[in-house]
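In: got a predicted structure plus its sequence, pasted below:
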Amino acid sequence: MSTPFDLARACEEIAAQLRALDDHREQCERDLTKLAELGTIRASEHWRDGKYLYLIHPTDSCGQRKREYIGADPDKVANARAAMARERAADELRVTLKTIQEKTAAAWQYIGYAKSTIDTALATTGAHQAHAPVTMRPNALVTPGALSIGAGVTNQRDFW
């Protein structure tokens, strides 16, 4: 059986994991912004005669595919390939960000349920008053008069 202390320790671990996850999310968003600034191209390669590069873009709303001539210039070819690689990396980052968002939303549901359960336990057991001095509880275990005359409870077994 776990104790409230075990639960508190687990909550601290969850908080640390959430901070790490949020740091990762922020890094993914920064990386995605950098990729967009560098420029990305969503297209596939097509080589004509084995030496001329064409980029074939996705279909537009009319069902047409744009074909972009890059040519045989090694610098242009390298730039086009790098932009396509950045687009693939950006797609992976978008998937990662979506996964983080979905898993975080699911975690919120469980955390909400856990908080509700603990709130109910506190309300129904009077545990929220456990920090109050013994004489301040609604049903005091020791009366103020008993403390002044030296009478009182000597150990926990006596008042349970």
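Out: Right, received. Where do you want to start?
In: in the sheet, who's paired with residue 45?
Out: Applying DSSP bridges to residue 45 gives these bridge partners: residue 55.
In: residues near it, how many?
Out: Residue 45: 13 surrounding residues under other Cβ atoms under 10 Å. In short, each C-beta sits where N, CA and C put it, glycine included.
In: separation between it and residue 68?
Out: According to Cβ to Cβ, to the nearest Å, residue 45 stands 11 Å off from residue 68.
In: overlap in contacts of those two?
Out: Taking Cβ atoms under 8 Å, 6 or more residues apart in numbering as the criterion, residue 45 and residue 68 both touch 54, 55, 56.
In: from these, keep the buried residues only.
Out: 54, 55 (16 or more other Cβ atoms under 10 Å).
In: on the three-state scheme, residue 61 is what?
Out: Secondary structure state of residue 61, per DSSP: H, G, I helix; E, B strand; the rest coil, is coil.
In: how deep is residue 85 tucked in, by neighbour count?
Out: Residue 85 is flanked by 13 other residues according to other Cβ under 10 Å.
In: looking at this, it is in a helix?
Out: Yes - membership of residue 85 in a helix is supported by three-state DSSP.
In: would you turn the shared contacts of residue 45 and residue 68 into TSV with pLDDT?
Out: Output for the shared contacts of residue 45 and residue 68, formatted as TSV (pLDDT from 0 to 100):
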residue	pLDDT
54	97
55	96
56	96
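In: as TSV, the shared contacts of residue 45 and residue 68 with distance to residue 103 would be great.
Out: What follows is the shared contacts of residue 45 and residue 68, written out as TSV (distance: Cβ to Cβ, whole Å):
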residue	distance to residue 103
54	40
55	35
56	35
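In: what's the closest of the shared contacts of residue 45 and residue 68 to residue 20?
Out: residue 55 (38.7 Å; Cβ to Cβ).
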